[in-house]
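**Student:** need the 3D shape of this:
(one chain, ligands or ions: 1)
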Amino acid sequence: MTRQLHFNLFLHDTGHHEASWRLPESDPNANLSLAAHQHLTRVAEDAKFDSVFLADSPVLWSDPGRRPAGKLEPTLLLAALAATTSRIGLIATASTSYNEPYNLARRFASLDHLSGGRAGWNIVTTAGEAAARNFGLADQPLHKTRYERADEFLEVSTKLWDSWTDDAIVADKESGVHAVRDRVRDIGHHGAHFQVRGALNVPRSPQGWPLLVQAGSSDNGREFAARWAEAIFVANPTLAESQEFYADIKRRAVAAGRDPGHVVVLPGIVPVIGDSPAEALELEAELERLISPEYAVGTLATVLGVDVGRLRLDEPLPADLPAEDEIEGHKSRRTLIVEWARRDNLTVRQLIGKLGGGRGHRTFTGTPVQVADTIQHYFENGAADGFNIMPAVLPSGIEAFAAKVVPILQERGLFRTEYTGRTLREHYGLPRPANTLELING
Ligand SMILES: Cc1cc2nc3c(=O)[nH]c(=O)nc-3n(C[C@H](O)[C@H](O)[C@H](O)COP(=O)(O)O)c2cc1C
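**Tutor:** Next up is the predicted model:
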């Protein structure tokens with residue numbers, strides 16, 4: 001079969017534009033509404049998307065004075081969405097820095113059972129000292145340490161998911177044997193960060209492991225992704241950056257002994273769709289007008305690692321910003337933003353306008369055909385295996401994308417017209433992981 005695109009919908013209450021909640025059409029409490037999330041997920045499933053995704057951090061992420069900042073816990077919300085959908089994949093973010101493997105492995109195995117094999121885990125290490133302060137730490141662990149812990153976290157989690165063989169449960173009422181005892185094993189893990197005996201209290205799930213997704217693109221992040229990730233979310237504002245990332249991650253996957261086809265690269269795109277180019281530009285301008293610069297400048301200062309007083313709205317970024325290796329937060333996002341501002345000679349106000357839509361992701365404003373052409377161009381020029389769709393405004397943005405862009409791509413043979421698989425891994429064309437316990441035992 002010819003290669004086809006993969007689409008994930010990044011769920012984000014009223015949309016990815018930070019001012020979207022202020023539009024007349026928006027429900028400012030959509031972040032807390034099951035019905036709103038059900039609607040978005042249904043639209044994506046009707047359009048045959050591979051998955052929906054929820055971001056997360058164990059911290060009050062944005063200024064509650066300025067935008068809807070409340071966030072429901074993602075695996076709980078996805079469990080509720082599993083009940084009203086049947087095919088679409090359900091990906092939740094969870095932090096390896098502020099969880100223990102046993103709890104999290106259990107939660108994702110549970111979601112995989114409840115959804116019939118549709119669970120995915122976006123593995124993040126969580127940047128920022130605010131989160132650290134919620135867990136009794138004065139400061140965040142170092143970037144390198146966070147990734148070392150993430151590595152061991154995955155080692156433990158995969159052992160736990162494999163602690164039951166696929167054929168462990170026989171449920172033989174006659175003999176009274178429910179599971180064959182030696183097909184359920186302790187894992188006996190002793191490492192630098194974790195001591196875990198096992199076994200997990202959830203039998204092996206339909207996918208074996210949830211789909212492993214990753215979203216950090218610093219050097220440490222890329223190495224981690226090359227070892228573990230089966231799908232990668234990435235923010236690239238230009239085609240050239242997407243091509244560089246795509247080639248680099250596939251090369252690293254090969255170096256790690258993996259099939260590069262089993263690492264699906266999904267750059268983010270923020271489509272702002274209008275029936276005419278003028279209509280699309282009008283929506284974009286309206287959103288920019290609604291941004292609160294005083295709030296946005298604070299967020300920008302945090303990512304750049306500078307005092308907010310050093311950023312002047314109508315001047316370029318200061319020349320002497322901390323370098324990527326001097327900050328312990330979102331390294332790759334910091335670099336992306338600084339390079340963008342310098343390349344396009346942007347003032348802080350202009351930069352905020354650009355980041356308001358996608359926080360560094362590729363924003364694309366245009367007609368359905370122009371959006372479809374851009375997606376096809378990336379897909380056919382070594383920049384993407386699919387896209388993380390991040391509409392500026394929800395639900396209208398995904399409704400427009402599903403009704404107007406998806407049919408164009410289906411007509412071109414670039415996107416499925418029906419689901420052919422049942423599980424999330426099958427949608428992404430990925431194999432089910434073998435059980436390492438079974439391999440060891442022959
Ligand atoms: C599409 C996308 C979604 C992300 N979602 C989250 C998230 O939900 N929680 C989080 O802590 N970080 C999230 N990140 C950020 C990264 O996981 C990572 O923390 C950040 O890029 C810093 O890692 P790095 O220094 O390796 O780049 C996301 C990144 C991308 C591109």
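**Student:** show me which residues of this structure sit near the ligand.
**Tutor:** Selection of the chain residues close to the ligand by CB under 6 Å from any ligand atom yields 55-57, 93, 124-127, 215-218, 220-221, 233-235, 268, 330-333, 388. Heads up, the C-betas are built off the backbone N, CA and C, glycines and all.
**Student:** select from those residues every entry located in helices.
**Tutor:** Counting by DSSP state H, the residues of the chain next to the ligand place Asn220, Gly221, Lys331, Ser332, Arg333 in helices.
**Student:** list the residues that contact the first one.
**Tutor:** Residues counted as contacts of Asn220 (CB atoms under 8 Å, 6 or more residues apart in numbering) are His143, Lys144, Tyr147.
**Student:** now, which of those lie within helices?
**Tutor:** Using DSSP H, the subset of these located in helices is His143, Lys144, Tyr147.
**Student:** which of those are buried?
**Tutor:** Buried by 16 or more other CB atoms under 10 Å: His143, Tyr147, out of the ones in helices among the contacts of Asn220.
**Student:** wait, a strand at Gln376?
**Tutor:** No. Under DSSP: H, G, I helix; E, B strand; the rest coil, Gln376 sits outside any strand and is assigned helix.
**Student:** ok, it touching Glu411?
**Tutor:** No. Applying CB atoms under 8 Å as the test, Gln376 and Glu411 come out as separate, 11.5 Å apart.
**Student:** more neighbours, the two?
**Tutor:** Neighbour totals were compared for Gln376 and Glu411, and Gln376 leads with 16 against 11 (other CB atoms under 10 Å).
**Student:** neighbours around the closest residue to Lys331 other than its chain neighbours, how many?
**Tutor:** Nearest residue to Lys331 in three dimensions, chain neighbours excluded: Ser218, at 4.0 Å (CB to CB, 6 or more residues apart in numbering). Residues near Ser218, counting by other CB under 10 Å, number 21.
**Student:** any idea how far Tyr102 is from Ser218?
**Tutor:** 28 Å (CB to CB, to the nearest Å).
**Student:** same check, this time on Glu223
**Tutor:** 25 Å.
**Student:** stretch 260-277: which residues count as buried?
**Tutor:** Those buried within stretch 260-277 under the rule 16+ other CB under 10 Å are 260, 263-274.
**Student:** ok, so of these, who is nearest the ligand?
**Tutor:** Distance to the ligand, by CB to the nearest ligand atom, is smallest for Gly268 among the buried residues of stretch 260-277, at 5.0 Å.
**Student:** which residues touch that closest one?
**Tutor:** For Gly268, the contacting residues are Phe10, Phe233, Val234, Ala235, Asn236, Gly358, His361, Arg362, Phe387, Asn388, Met390, by CB under 8 Å, 6+ apart.
**Student:** Gly429 too?
**Tutor:** Listed by CB under 8 Å, 6+ apart, the contact set of Gly429 reads Gly261, Val264.
**Student:** for it, helix, strand, or coil?
**Tutor:** coil.
**Student:** what two of the contacts of Gly268 are the furthest from one another?
**Tutor:** Maximum pairwise distance among the contacts of Gly268 (CB to CB): 14.7 Å, between Phe10 and Asn236.
**Student:** which residue packs closest to the closest residue to the ligand within the stretch 51-200 of the chain, ignoring adjacent ones?
**Tutor:** Nearest to the ligand in the stretch 51-200 of the chain, going by CB to the nearest ligand atom, is Ala55, at a distance of 3.0 Å. Spatial nearest neighbour of Ala55, chain neighbours left out: Thr93 (5.1 Å); criterion: CB to CB, 6+ apart.
**Student:** kind regards, and thank you for your time.
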